[in-house]
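[1] got a structure for you, letters missing:
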């Protein structure tokens, strides 16, 4: 798989095209691109959250956001933690398919490839800096990722639509709850929407 082919597959995967997931499922060369999609999408989400602190956050007038601290914790450490939690999501999904539904032949490598490309909608969070619509955008990005991942899981495993949905959600619940707790209030150890509460205390504040 070349870079141009990978780019086309990302666009197709983000467009909910089932054929895109079947194409990357059995292509070992797509593995590195799948992981790259997760990393780049995570960094774009983190960038959107960081830009939110600069343009959309509205702390009380006596405060200013501690953007340096937020960058270190959310963009750098939070991005690392999100990629790690995505790996957990993949592992839980495979375990659910094989141990609960007893689906045979669910190669981890195939799940990594398909679920990696399915993570592309998370990149929409780069637009979180837009005031008022940041949280709807965040939900659209997360929801789109879950929807694409269901297609990815079905392509990689041959599971039924219901099995793919439940197995996906089993992993996603852990992914979302962990990042939600890590990014809660001013902890900020998560990127993008997971670090933003609907008020100014979702970023570190300091007196002017």
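    Great, that's in hand. Nothing here was measured: the structure is a model prediction, and the numbers come from that model.

[2] count the neighbours of residue 185 for me.
    In terms of burial, residue 185 registers 12 neighbours under the definition other C-beta atoms under 10 Å. From N, CA and C alone the C-beta is placed, and that goes for glycine too.

[3] ok, and what's touching stretch 149-157?
    Among residues not part of stretch 149-157, those counted as contacts by C-beta atoms under 8 Å, 6 or more residues apart in numbering are 13, 16, 18, 21-22, 25, 93, 97, 103, 105-107, 110-111, 113-115, 117-119, 159-161, 163-165, 167-168, 172.

[4] run the chain-centre distance for stretch 179-198.
    Relative to its parent chain, stretch 179-198 has a centroid offset of 13 Å by C-alpha atoms, centre = their mean, to the nearest Å.

[5] could you pull out the strands for the protein?
    Here the chain has its strands, by DSSP state E, at 63-65, 205-207.

[6] mind checking the pLDDT average for the last one?
    Yep, that's strand 205-207 we're talking about. Strand 205-207 shows a mean pLDDT of 50 in the predicted model.

[7] go on, the first one?
    Strand 63-65 shows a mean pLDDT of 59.

[8] avg pLDDT for the longest helix along the chain?
    Looking only at the chain and at elements set by DSSP state H, the helix with the highest residue count is helix 30-55. Throughout helix 30-55, pLDDT has a mean value of 93.

[9] now do the buried residues in it.
    Neighbour counts using 16 or more other C-beta atoms under 10 Å place 30-31, 33-35, 37-39, 41-53 of helix 30-55 among the buried residues.

[10] pull out the buried members of the contacts of stretch 149-157.
    Buried members of these, scored by 16+ other C-beta under 10 Å, are 13, 21, 25, 93, 97, 103, 106, 110-111, 113-115, 117-119, 159, 163-165, 167-168, 172.

[11] from these, which land in helices?
    When DSSP H defines the helices, the subset of the buried ones among the contacts of stretch 149-157 inside them is 13, 21, 25, 93, 110-111, 113-115, 117-118, 163-165, 167-168, 172.

[12] residue nearest the centroid of this protein?
    Centroid check for the chain by C-alpha atoms, centre = their mean gives residue 122 as the closest residue, at 4.8 Å.

[13] against residue 161, how distant is the closest residue to that one other than its chain neighbours?
    Leaving aside its sequence neighbours, residue 122 sits nearest to residue 41 (C-beta to C-beta, 6 or more residues apart in numbering; 4.2 Å). Between residue 41 and residue 161 the distance, using C-beta to C-beta, to the nearest Å, works out to 24 Å.

[14] residue 177: neighbour count?
    The burial count assigned to residue 177 is 11, neighbours taken as other C-beta under 10 Å.

[15] and it, what does it touch?
    In this structure, residue 177 makes contact with no residue, judged by C-beta under 8 Å, 6+ apart.

[16] quick thing: my sequence starts at 642, can you match it?
    Happy to do that; since the first residue is 642 now, the last one works out to residue 818.

[17] give me the pLDDT for it.
    96.
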